Structure formats: C-alpha cells, structure tokens
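Peer 1: This is a predicted model, with the sequence first.
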Amino acid sequence: MELWGRMLWTLLSGPGRRGGTWGWAFSSWQPHSPLAGLSSATELVRHWTGVFEKRGIPEARESSEYIVAHVLGAKTFQSLKPILRTQPLTPQQLKCIQELSSHRLQRMPLQYVLGEWDFRGLNLKMVPPVFIPRPETEELVEWVLEEVARRSHTVGVQGSPLILEVGCGSGAISLSLLSELPQSRVIAVDKEAAAISLTRENAQRLQLQDRIWIVPLDVTLEGSWTHLLPWGPVDLVISNPPYVFHQDMEQLAPEIRSYEDPEALDGGEEGMDVITHILTLAPQLLKDFGSIYLEVDPRHPELVSSWLQSHPDLYLHLVAVRRDFCGRPRFLHIQQSGP
Amino acid sequence: MSGASRATFFMSTPGLFRFPAPLTRIRTVPWGLQLWEKLTLLSPGMAVTLVPMAGKRDCPPLLSLDENELEEQFVKGHGPGGQATNKTSNCVVLKHVPSGIVVKCHQTRSVDENRKRARKILQEKVDVFYNGENSPVLKEKREAEKKKQERKKRAKETLEKKKLLKELRESSKNVH
C-alpha cells in the first residue's frame, strides 16, 4: 500500500495514539491528496458508522452522525444544509471528528463526547459524571407546565410559581421551567459539587441565573432541608431522583456504568430511598395543596401508593400517574392536602 | 400547522378524511378501503356539496391529517427506558396509511419537536398527493420560482441596458 494509503488507514481505523503527528500527516498531503472520495461529511459518517459497528458501539450510525454534525456546527446531521454534506472537510475538521470518535469508541456517552446536549430546546453543557438528562424527563416538565397553566392564579404573578428541584444535575429541569415560566423562581439542590457547578454554569449560559438559587444539599441527611425553610413554602417540588433498583445497577450499559455518577442513579433496594426522603420532607416545605412531581421506575406507582398509605401523617395523596412515550407509567403527581 | 379544512361537510365524523375536490374526481384517486366505507355512511341522496372555504392569501390551509390514519415510529421499547437507558436516537418515522407516504424527520434533538415537524412535512406531502397541481404547496413553489425568474430577467435587462449605454458613449466619443 502506498504511503498515503497506509497513513489514511491508520488515521481512520482507531483511536489516535500519535496525537501530534496527525497535523503533520495532513499537511503533507493537502491539497494534492486523493482524499476526495473519503472527505465529505456523508462519507465520514459512513466510515465511522462502520468503525463503530465493528467495535460493537451501540447507536453506531446516530453517534457518527451527531459527531460529524457537531463538528460542522449543526445539531443533527439531517439539519445540515445538503451542500455541507457533500463538500470536502478541512484537515482540522477531520482531526476533530477523529478525536471525538475515539472517545465514543471508549463507550463514552455521546453527550459527554460532544460536551453538550439539548433538553426541551435548551442547549446545556454536559460534563461527566453529572447525570445526562433523559428524553422522558422532557415529558415530566411538559406535565408540570400543563398543570401550572391550569392553575391560572399562579401564572403572571411575580415569583410564581416557586419551585424546588431536588437533584438538579445539569440543571435541565430547573432551567427549562424557568425558561418557559417567565415569572417562576427555582430553588435547585444537589448533593454533588460537580452538579452544583454545572447547573450554575448552564444557568449563566442561558442567562437565567437571576431566578434560580442553587444550593448544595443532601436531602437524605437528617434535618438538612431545614436550611431551605427561610426561602418560604414552595408551590411545587419536582424531581428526577435516583430511582434505579440497586440490583439493576450492574445491568446498565457501559456508557452509564462507567461514566455517570452512580449516586445519581442508585435508589437503593427498591429504588425508593431518595423518593421516600423527598416525600417526607416535602410537606414541611410545600404550601397547602402544593404538588410533588416525580419521575420514577415503572414499578414505583404501586410502591409509592402503598408507602403513602402507610404514612398518613404526611397528608400526601397520589393524584395521578402519567405514562411516558413508551407507554410506561413513569410520572407521579402527588398532592398535599391537610395540616 | 394544521390548516382548516377547505371543504364543508354535513357530518363531522371523527376520522373522516376531508377533501376539497369534487366528488366525481375522487373516484379516480386510490382511496383506502376504510375511507370509502366511511364515505358510504353518508346518507344516500345527501348532496355532498364540497364548497372550498376561502383560505387566507398568505396562509392557504392544507388538508388536515387525521391521527387515526397515521403510523408513527420512534425509538421506543429498547431496554428499560428512563435512567436505565441512554439513547440519542430521536428520529421519527411517520406514515400516512391511506396514501402510503412516509416521512422521516431527524431535524432536531427532541423527539417531540421532530414529531411536530414530521407532521407538518407529511401534511404538505399528502396535500400535494391528493391535490396535485392545485396544492397550495406547489402553487407557492411555482410562484416563488416565477418571481425568481422575473428578478433574474429584470436584472439581466438592466445589465444589458447599461452595457448598451456604455457602448453608445464610447462610440460617440470616437466620433468627436
């Protein structure tokens, strides 16, 4: 194989180990390199899809499409102008794609590879090990927005509704609520320093920092939530708490197991540990008839229902269960009614 | 954008596919059996006068899509979902069963947004399918193309006039 062919092969077939030499390798065969057939976005996607498939990387096609699109400045491959898909890429772009793809080959979740992802139209920075927002959670926010709109007396009033998010992670839930409810205020808590930091950064990126208080707090610690009392009773509590059953943790895909914070996932034996803590503290922080919205495991609606029944002193009732787009019971609306 | 129907019907049967074309023309269009059966439900002898409703000039209504006639596919059922899964594929595949038209939308990173856009694109394609040349979609395209050609023509004419003028000036200079 000619020299250029060999270089091309090593470049394209795996994680680069000769970092510095890539730049040299490219400059020596530009612009006379016969790379034309392999250097368009479409060709690159085809190539990397093949590489990912061969290495057993899940979502091979999607991963390569997103990586190439990202390098070309687009959110999805399909949204790229057709002409951008067929014209040759620069050596810089090729190098970038190669680097990102090498991370994906290590089973890094795509959102960490790209360092950003979208949630309900908001672009958020993503940094391991802070939990990556899931698409189901977009529906949790949708539900809350519908309910808030229904209670029209809270809409349009400054500072209303006042929302507490438990376990804010990257800030996805809080920031999308703030952005879609211009009068709302949010108190966002998380026990993980990296999550606090990332939520702060995302709030700044979106210029929502004026309406959010981001507080490092572990709600499972005795009495910790009393620090929140001064902020006054809240209209609603929202959370996507760690709800994976402990025994299921080891079955998670390598992407999740190796890169995301296990504490953001592991809910204990029945996945209920953090959920029950939230339900216990909520009545102290909620206004009368305030609501709690949770994303949970499909086995939880029953478990939560019976748990609430055995804790009547909380005056909490499971009002509604909503299914996600896969038809699984995924979201709970619990309401406080009473002393 | 779900446009208002351009036809008025006596019956507003849910799922009844509304269309603006005169009844006689319908027979030549490959309607799904389901739709034909629905048509025969109309009481015999009832004058089904399909009166096209005036649409706004800038926003002509398209045939509306009936959700019952759509088949949708997006990534679902792969693994437990929620926190236990991390999927990035949110491509939506939407099929209009009566016509067989399929749209694939992966324009955004949101399943919800892709669903909305898929419906919009599908609505346009279905309208063209049933209305052919009369579809506002094609009419708008023809109009846009016409305007573009006119602009090109005018620009060319202006350029030629300038050229001619320049030549005249040059030649008159030489004469003197």
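Peer 2: Now that the structure is in, tell me what you want to look at. Residues are numbered from 1 along each chain as shown, chains lettered A, B, ... in the order given.

Peer 1: which stretch of helix or strand covers residue A:283?
Peer 2: Here residue A:283 sits within helix A:273-285, counting by DSSP states H and E.

Peer 1: ok, is that helix in contact with chain B or not?
Peer 2: No. Using CB under 8 Å from any CB of the partner chain, helix A:273-285 stays clear of chain B, with a minimum separation of 11.6 Å. Where C-beta positions appear, they are placed from N, C-alpha and C, glycine not excepted.

Peer 1: what helices or strands is that helix leaning on?
Peer 2: For helix A:273-285, the elements it packs on are strand A:162-166, strand A:234-239, strand A:286-295, helix A:300-309, strand A:316-323, strand A:329-336, judged by 3 or more CB pairs under 8 Å, 6 or more residues apart in numbering or on different chains; DSSP states H and E.

Peer 1: Can I get those in CSV including mean neighbour count, distance to residue A:137 and mean pLDDT?
Peer 2: Converted to CSV, the helices and strands packed on helix A:273-285 look like this (neighbours: other CB atoms under 10 Å in any protein chain shown; distance: least, CB to CB, whole Å; pLDDT from 0 to 100):
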stretch, mean neighbour count, distance to residue A:137, mean pLDDT
strand A:162-166, 25, 11, 97
strand A:234-239, 24, 10, 97
strand A:286-295, 20, 6, 96
helix A:300-309, 16, 15, 97
strand A:316-323, 16, 12, 97
strand A:329-336, 21, 9, 97
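
Peer 1: Mind putting those into JSON lines with distance to chain B?
Peer 2: JSON lines is the format used below for these (distance: least, CB to the nearest CB, whole Å):
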{"stretch": "strand A:162-166", "distance to chain B": "15"}
{"stretch": "strand A:234-239", "distance to chain B": "12"}
{"stretch": "strand A:286-295", "distance to chain B": "7"}
{"stretch": "helix A:300-309", "distance to chain B": "10"}
{"stretch": "strand A:316-323", "distance to chain B": "11"}
{"stretch": "strand A:329-336", "distance to chain B": "6"}
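
Peer 1: Just the local confidence number for residue 129, please.
Peer 2: You didn't say which chain, so I picked chain A. What the model reports for residue A:129 is a pLDDT of 98.

Peer 1: Chain B was what I was after
Peer 2: pLDDT at residue B:129 comes out at 91.

Peer 1: any idea which element it lies in?
Peer 2: Element membership for residue B:129, per DSSP H and E: helix B:111-131.

Peer 1: now residue A:96, nearest residue through space, not along the chain?
Peer 2: Residue nearest to residue A:96 in three dimensions, not counting chain neighbours: residue A:71, with 4.7 Å by CB to CB, 6 or more residues apart in numbering or on different chains.

Peer 1: what does residue B:127 give?
Peer 2: Spatially, and ignoring its direct neighbours in sequence, residue B:127 is nearest to residue B:62 (4.2 Å; CB to CB, 6+ apart).

Peer 1: Share the number of residues neighbouring the one you found, please.
Peer 2: Residue B:62: 25 surrounding residues under other CB atoms under 10 Å in any protein chain shown.

Peer 1: which parts of chain B sit against chain A?
Peer 2: B:74, B:76-77, B:79-91, B:105-113.

Peer 1: Low-confidence ranges, chain B, go.
Peer 2: Applying pLDDT under 70 to chain B flags the ranges B:1-59, B:75-78, B:176.

Peer 1: Now do the helix ranked longest in it: which elements does it pack against?
Peer 2: Using DSSP state H to define each element, chain B has its longest helix at helix B:136-175. Packing contacts for helix B:136-175, counted by 3+ CB pairs under 8 Å, 6+ apart, involve helix B:111-131.

Peer 1: How about the helix it packs on, which residues are buried there?
Peer 2: B:111-115, B:117-131 (16 or more other CB atoms under 10 Å in any protein chain shown).

Peer 1: What is that helix packed up against?
Peer 2: Helices and strands touching helix B:111-131, by 3+ CB pairs under 8 Å, 6+ apart, are helix A:135-150, strand B:70-74, strand B:92-96, strand B:101-105, helix B:136-175.

Peer 1: Just give me how far the first one sits from the chain centre.
Peer 2: Read it as helix A:135-150. Averaged C-alpha coordinates place helix A:135-150 at 16 Å from its chain's average position (CA atoms, centre = their mean, to the nearest Å).

Peer 1: wait, does it make contact with chain B?
Peer 2: Yes. Judged by CB under 8 Å from any CB, helix A:135-150 and chain B are in contact via A:135-136, A:138, A:142.

Peer 1: from those, which two are the most distant?
Peer 2: Distances among the residues of helix A:135-150 next to chain B were taken as CB to CB; the most separated pair is A:135 and A:142, at 11.4 Å.

Peer 1: and the two? which has more neighbours close in?
Peer 2: A direct count of neighbours by other CB under 10 Å for residue A:135 and residue A:142 places residue A:135 higher, at 25 against 16.

Peer 1: Would you mind confirming that residue A:179 makes contact with residue A:123?
Peer 2: No. Between residue A:179 and residue A:123 there is no contact under CB atoms under 8 Å: 11.4 Å.

Peer 1: And the spatially closest residue to residue B:113 that is not a sequence neighbour, how far from residue A:171?
Peer 2: Nearest non-adjacent residue to residue B:113, counting by CB to CB, 6+ apart: residue A:121, 7.0 Å away. To residue A:171, residue A:121 is 14 Å away according to CB to CB, to the nearest Å.
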